[in-house]
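> Whatever this is, show me its structure:
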Amino acid sequence: MRRFIYLGLLLLSAALIIRTTSLAQSTPDALLGTWTGQAHYAGESKLIALRFELNGKGSKVLFFDIPDLKFHRMGPIAVTQQGEQYKASEFSFQLAPDKSITGTLSFDGHDLPFKLEPGSLPVVPESPPLAGPIAQPVWKFKTGEAIWSSPSVADNTVYFGSNDSMIYALNARNGSEVWRFKTGGRVLGCPTLDGPFLYALSDDGYLYKLVRRSAKLVWKFDTHGGAVARDFPSATSPTYDYLTSAATVSDGLVFIGSADKKLYAVDADTGQEKWHFETKGI
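Predicted coordinates:
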């Protein structure tokens, strides 16, 4: 008899465990799915949508859309929770009692409040095909990596930097390479042309002065920004830090901003520092 009692208790415990597990698995996560609404700033509103999914490891991730800014399915961004507050990179939010999502998006130094309800973005009709002739490239030139640098043009020559650490000079008519100069890091900024010279800042922290026609190095100045890491896209950060200061030349001085949060004035002839000013940001 005692053996049957033990067996019954064991079966009852197993049934309770199975039922509890089944309930936990069947309980939906209220956050999962698509939420849409408006983000507000300075009297303006922008349509915004957040979609919450589970990744392959079962962790919550966020994708977001802001159609007016051409942001479509940006992500995935890892979602963390502390109490009732959720955090996903620049998004901070919570589920409100009325079954909505309220929170803020930190964008360009401002906190944009938003309120979202369950639902998808409206379907935007496709734009009609463009009429008329379509422009075709005159030439194209391939570098070793992506190009974020804007070009500078003078004397039938195009100057630009690349993520392959090079500064390039190309023939503007046919795209043939005139010269290339290797730095120690990505060159994302626009080269500055001043008479026969070129100035360009590299992610190695150095400001380079080159002779435009030959790429001969005149001097290089250490802005001490080479040790500052860029914020590249990741699961926790959808941002892309691609901005680099371009040099300005005036009255024999070269002015350049650095990732070390300083503005430098450099003697254009010698490459020696004249002064620097410490700012509160990059």
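> Please count neighbours and contacts with C-alpha atoms only from this point.
Noted.
> list the buried ones in stretch 100-111?
S100, I101, T102, G103, T104, L105, D111 (16 or more other C-alpha atoms under 10 Å).
> for stretch 243-263, same thing?
Of the residues in stretch 243-263, 244-247, 249, 253-263 count as buried by neighbour count, 16+ other C-alpha under 10 Å.
> so what's G33 bridging to?
F52 (DSSP bridges).
> Quick check, pLDDT for it.
Note for G33: predicted pLDDT of 91.
> Hmm, it is touching F52, no?
Yes: using C-alpha atoms under 8 Å, G33 is in contact with F52, at 5.3 Å.
> Tell me which of those two has more neighbours.
F52 (21 against 15; other C-alpha atoms under 10 Å).
> How about the contacts made by Q81?
K87 (C-alpha atoms under 8 Å, 6 or more residues apart in numbering).
> That one and S92, how far apart?
To S92, Q81 is 10 Å away according to C-alpha to C-alpha, to the nearest Å.
> Just the pLDDT for A14.
pLDDT, A14: 40.
> Then S45?
89.
> now swap in the one 10 residues further on and tell me
Here, the pLDDT recorded for N55 equals 91.
> again with G75
Value for G75, per-residue pLDDT: 86.
> R230 too?
82.
> wait, it sits on T244?
No: taking contacts as C-alpha under 8 Å, R230 lies outside contact range of T244: 10.6 Å.
> ok, now which ones touch K140?
G175.
> So it belongs to a strand, correct?
No: applying DSSP: H, G, I helix; E, B strand; the rest coil, one finds K140 to be coil, outside a strand.
> Distance of it relative to V249?
Distance from K140 to V249, by C-alpha to C-alpha: 30 Å.
> repeat for L121
Using C-alpha to C-alpha, which is the criterion applied here, L121 is 48 Å from V249.
> before we move on, what about D111?
With C-alpha to C-alpha as the criterion, D111 and V249 are 36 Å apart.
> for F160, same thing?
18 Å.
> try L50
L50 is 45 Å from V249, by C-alpha to C-alpha.
> Equivalent analysis for K57, please.
Applying C-alpha to C-alpha, the value for K57 to V249 is 53 Å.
> now swap in R212 and tell me
From R212 to V249 the distance is 15 Å (C-alpha to C-alpha).
> Is there a neighbour count for G205? I'd like the number.
Neighbour tally, G205, other C-alpha under 10 Å: 23.
> Equivalent analysis for S150, please.
13.
> pLDDT below threshold where in the stretch 1-150 of the chain?
Along the stretch 1-150 of the chain, segments meeting pLDDT under 70 span 1-28, 124-127.
> so where do the helices sit in it?
All helices of the stretch 1-150 of the chain, identified by DSSP state H, counting those that start in this stretch, fall at 2-26.
> can you map out the strands along it?
33-41, 44-54, 60-66, 71-78, 80-82, 85-88, 91-95, 101-107, 110-118 (DSSP state E, counting those that start in this stretch).
> Using a markdown table, lay out the ones you listed together with distance to F181.
Formatted as a markdown table, the strands of the stretch 1-150 of the chain follow (distance: least, C-alpha to C-alpha, whole Å):
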| stretch | distance to F181 |
| --- | --- |
| strand 33-41 | 45 |
| strand 44-54 | 44 |
| strand 60-66 | 40 |
| strand 71-78 | 35 |
| strand 80-82 | 45 |
| strand 85-88 | 41 |
| strand 91-95 | 41 |
| strand 101-107 | 36 |
| strand 110-118 | 39 |
